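> Task: produce atomic coordinates for the following.
(one chain, ligands or ions: 2)
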Amino acid sequence: MSATRDAGYALGFDLSTQSLSVIVLNSVCEVVLEYSLNFDRDLPNYQTKGGAHAGQNGRFTSPALMFVEALEKVFEYLKEKIPLDQIRCISGSAQQHGSIYWKQGAREILHNLNPKSSLVQQLQSAFSRKDCPIWMDASTGKQCNYLENVLGGAENVAEMTGSRIYARYTAAQIRKIYEEEPQIYENTEHISLISSGMASLLLGDYAPEDVADAAGTGLFQLQSDPPKWWELAIQETAPQLKHKLVSEPVYSYLPLGKIHAYFAERFGLDKEHCWILPWSGDNPNSAAGLLLQAERDLAVSLGTSDTAFAITKQIKPRIEAHVYRSPMEPLEFIPLVCYSNGSLTREAIKDMDSAEPRTWELFTDSLRQTPPGNNGILGFYYRVAEILPRADPCNPTFFNMDMQLVQNVDYHTKVRAIVEGRCLAIKIHMDRFQVKYDRVWATGGASENEEILQILADVLQAPVHRVLYHNSASLGAAYRAWHGKDYADNRFTLQNFHDFIKSRQQLSSKTVPSNRKLVWYPNPQASQVYSKMFPIYEALEKRFEAH
Ligand SMILES: Nc1ncnc2c1ncn2[C@@H]1O[C@H](COP(=O)(O)OP(=O)(O)O)[C@@H](O)[C@H]1O
Ligand SMILES: O=C(CO)[C@@H](O)[C@H](O)COP(=O)(O)O
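Ligands and ions are numbered 1, 2, ... in the order given. Alright, predicted model coming up:
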């Protein structure tokens with residue numbers, strides 16, 4: 001492996017629920033540029049709220065063309081900032097599970113993209129369904145039951161694929177479209193995950209799924225090597241589905257090809273020298289961006305969703321959580337818990353009973369004014385249907401340590417109850433996987449909040465580290481881009497991912513700036529208070545479980 005300071009750049013994207021972000025890395029893995037485009041603010045014509053449209057009965061979608069336009073806008077921005085002909089490799093992350101429906105003939109449109117016109121103009125009629133079901137969707141209960149029944153039950157599906165069929169899983173979403181919109185299903189030439197759909201735009205052809213994101217479909221054999229779809233699940237989900245997927249999933253390091261001429265001619269990328277690597281899910285790529293070590297690290301991502309995950313070599317799927325594949329090493333796995341009521345629910349508590357949005361400072365001040373354990377008040381608020389536990393939406397609800405309902409809770413106490421509740425849930429649910437960790441890495445938008453990180457440290461009883469670049473998903477994508485390019489350059493000899501990134505970083509002359517407090521240590525007294533709350537929170541949580 002050879003790396004020099006002037007050997008070009010890697011791009012790492014992250015198409016999350018609310019934004020499309022990008023990180024530019026030089027060849028020694030230093031971040032040279034970060035940029036983020038917010039869907040609600042920067043693309044107001046799509047009229048999204050939090051990046052999505054909420055429909056009836058738990059339906060959540062986002063417009064496919066919004067993703068396309070966002071990509072184009074980010075390239076317009078980058079063109080003014082960096083020499084795009086120096087980009088050597090591109091990969092990305094996307095919110096997991098969501099699906100894009102390409103119309104008959106769309107592949108031809110992708111092949112023949114014309115640099116004289118915008119992507120969004122040319123792709124106006126490329127989608128058989130203009131709205132993509134996304135991970136927040138909770139409308140497919142009927143399809144989940146059907147699929148679990150025909151596939152041998154929830155336990156069997158979890159054993160085969162790493163998770164039972166969840167409402168947001170792609171298999172359930174595809175089946176819903178087949179059942180309820182048969183004409184659309186018929187008109188669909190190809191179905192992508194959002195991740196591979198974005199890679200398809202860059203390639204000018206349908207890109208395969210990578211193993212890590214494929215593991216969130218309900219259609220993939222979790223432990224297959226070489227990677228394989230689960231034939232029975234494909235057959236039972238919808239007729240002809242195999243023909244609507246481009247190929248078997250691929251390892252995340254496998255270069256897919258060079259950038260399409262469209263991007264060369266319109267934005268100045270080098271079509272001979274810019275590799276496209278598979279895109280992956282945002283959580284798996286965060287694991288890569290945080291360089292998570294197996295049996296040592298736990299990551300907590302506080303974005304639109306809250307997630308906690310680790311890397312393991314052994315897997316023990318559980319029906320109330322998920323196991324994905326790692327995008328770093330071919331046979332490592334990611335046990336993960338996911339909560340749909342993350343940042344947007346904390347925002348709703350922050351702004352409760354106020355005509356105007358309040359500042360985060362005010363919310364944080366409430367955390368400062370209340371003690372660990374919240375004077376014995378616990379809180380539950382599922383603003384939208386919750387994934388873990390499977391719970392219907394409910395209003396903010398508060399209890400005392402005798403498990404009795406409490407009314408008239410003040411603002412400060414509500415804020416702490418909701419934050420502590422999430423931290424308690426992460427500890428309880430993650431412990432069921434029996435993963436070992438002695439360090440926690442916090443990432444995502446709410447990891448900016450130092451009071452939340454202190455509570456996390458006290459509840460998890462481990463030091464919590466905040467990373468310098470909280471968008472670890474785009475960082476991980478850019479790391480993976482360099483790693484995959486190296487694989488191509490070295491005649492397809494695969495380097496260990498961690499060793500490869502560290503060897504690149506060692507060539508950097510920079511030291512990490514030390515002007516931020518980067519670790520929050522657990523306070524033993526606070527941890528003791530929380531230990532008493534675990535069984536009570538767990539018992540109360542059962543009351544919310546939908547049957
Ligand atoms: N100081 C803060 N305290 C708590 N939450 C915050 C703070 N600053 C930003 N956030 C939350 O971060 C969220 C965005 O996180 P992000 O990781 O970018 O989301 P996603 O990647 O899912 O689009 C916002 O919705 C906001 O609620
Ligand atoms: O559904 C899951 C993971 O299984 C979510 O974590 C999505 O991947 C959304 O990610 P964010 O936009 O919240 O980062």
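> the domain parsing of this structure - what is it?
9-284, 343-429+523-543 (automatic domain parsing).
> Give me the three-state assignment for Ala539.
helix (DSSP: H, G, I helix; E, B strand; the rest coil).
> Show the contacting residues for the residue lying closest to it once chain neighbours are set aside.
Leaving aside its chain neighbours, Ala539 sits nearest to Met403 (6.7 Å; criterion: Cβ to Cβ, 6 or more residues apart in numbering). In this view, the C-beta of every residue, glycine as well, is placed from N, C-alpha and C. With Cβ atoms under 8 Å, 6 or more residues apart in numbering as the criterion, the residues that contact Met403 are Ile536, Ala539, Leu540.
> Sort out which of those are buried, if you could.
Using 16 or more other Cβ atoms under 10 Å as the burial test, those include Ile536, Leu540 as buried.
> any idea how far the residue in the stretch 101-250 of the chain positioned nearest to ligand 2 lies from Asn26?
Closest to ligand 2 within the stretch 101-250 of the chain is Trp135: 3.6 Å, counting by Cβ to the nearest ligand atom. The gap separating Trp135 from Asn26 is 32 Å, by Cβ to Cβ, to the nearest Å.
> more neighbours, the two?
Using other Cβ atoms under 10 Å, the more surrounded residue of Trp135 and Asn26 is Trp135, with 30 against 24.
> Could you report the distance from the more buried one to Glu80?
Going from Trp135 to Glu80 by Cβ to Cβ gives 32 Å.
> would you turn the domains of the chain into a markdown table with mean pLDDT?
Listed next are these as a markdown table, based on pLDDT from 0 to 100:
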| stretch | mean pLDDT |
| --- | --- |
| domain 9-284 | 98 |
| domain 343-429+523-543 | 97 |
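> Pick the most deeply packed of those domains.
Sort the domains of the chain by mean neighbour count, taking mean count of other Cβ atoms under 10 Å, and domain 9-284 sits at the top with a mean of 21.
> Quickly check: it near ligand 1 or not.
Yes. Using Cβ under 6 Å from any ligand atom, domain 9-284 reaches ligand 1 at Ser16, Thr17, Gln18, Ser19.
> For the protein, list the residue farthest from the centre, please.
The outermost residue of the chain relative to its centre, with distances by Cα atoms, centre = their mean, is Asp402 at 36.8 Å.
> and the gap between it and Leu540?
From Asp402 over to Leu540 the distance is 11 Å, taken as Cβ to Cβ.
> looking at it, Leu456 is touching Trp441, isn't it?
No. The pair Leu456 / Trp441 is not scored as a contact, 10.6 Å apart, by Cβ atoms under 8 Å.
> anything in contact with each of the two?
Val300, Val464.
> Going by proximity to ligand 1, name the top residue of this protein.
Gly445 (2.1 Å).
> so what's that residue up against?
Taking Cβ under 8 Å, 6+ apart, one finds Leu302, Gly303, Ser343, His470 in contact with Gly445.
> residues contacting the second one?
Same thing as Gly303. Counting by Cβ under 8 Å, 6+ apart, Gly303 makes contact with Ser16, Thr17, Asp282, Gly342, Ser343, Gly444, Gly445, Ala446.
> again, only using 7 Å
By Cβ atoms under 7 Å, 6 or more residues apart in numbering, the residues touching Gly303 are Ser16, Gly342, Ser343, Gly444, Gly445.
> The first one contacts Gly92, correct?
This means Ser16. No. With contact defined as Cβ atoms under 7 Å, Ser16 does not count as touching Gly92 (10.7 Å).
> The domains of the chain into CSV, with extra columns for distance to Ser474?
Shown next, in CSV, are the domains of the chain (distance: least, Cβ to Cβ, whole Å):
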stretch, distance to Ser474
domain 9-284, 4
domain 343-429+523-543, 17
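> Let me see the contact set for Ser139.
Per Cβ under 7 Å, 6+ apart, neighbours of Ser139: Asn57, Gly58, Arg59, Ala167.
> now the third one, nearest residue through space, not along the chain?
This points to Arg59. Per Cβ to Cβ, 6+ apart, closest to Arg59 is Ser139, 4.5 Å.
> Look at the one you found and give its secondary structure.
Following three-state DSSP, Ser139 is assigned to coil.
> quick one, phi/psi of the residue of the chain closest to ligand 1?
With angles defined as degrees, to the nearest 10, Gly445 sits at phi -50, psi -40.
> For Leu456 and Trp441, indicate the residue with more neighbours.
With neighbours defined as other Cβ under 10 Å, Leu456 and Trp441 compare such that Leu456 has more, 26 against 22.
> Please determine how far the more buried one is located from ligand 2.
17 Å (Cβ to the nearest ligand atom, to the nearest Å).
> That residue is in contact with Val300, isn't it?
Yes. At 6.2 Å, Leu456 counts as touching Val300 under the criterion of Cβ under 7 Å.
> Show me the common contact partners of these two, please.
Val440, Ala442.
> Contact partners for the closest residue to Ile426 other than its chain neighbours?
Excluding the flanking residues, the one nearest Ile426 by Cβ to Cβ, 6+ apart is Ala308, at 4.7 Å. Taking Cβ under 7 Å, 6+ apart, we find Ala308 in contact with Leu298, Ala299, Val300, Val337, Ile426, Met430.
> got the residues of the stretch 101-250 of the chain near ligand 2?
Residues of the stretch 101-250 of the chain found near ligand 2 (Cβ under 6 Å from any ligand atom) are Trp135, Arg168, Gly216.
> hang on, Pro278 packs against Tyr253?
No. Applying Cβ under 7 Å as the test, Pro278 and Tyr253 come out as separate, 8.3 Å apart.
> Contacts only, for Ile177.
By Cβ under 7 Å, 6+ apart, the contact set of Ile177 is Arg129, Ile184, Tyr185.
> where do the helices sit along the stretch 1-150 of the chain?
Assigned by DSSP state H, counting those that start in this stretch, the helices in the stretch 1-150 of the chain fall at 39-42, 64-81, 106-111, 119-122, 141-150.
> about what we covered before: the residue nearest to Ala539 and ligand 2, how far apart?
Counting by Cβ to the nearest ligand atom, the gap from Met403 to ligand 2 is 30 Å.
> any idea which helix or strand carries that residue?
Assigned by DSSP states H and E, Met403 belongs to no helix or strand.
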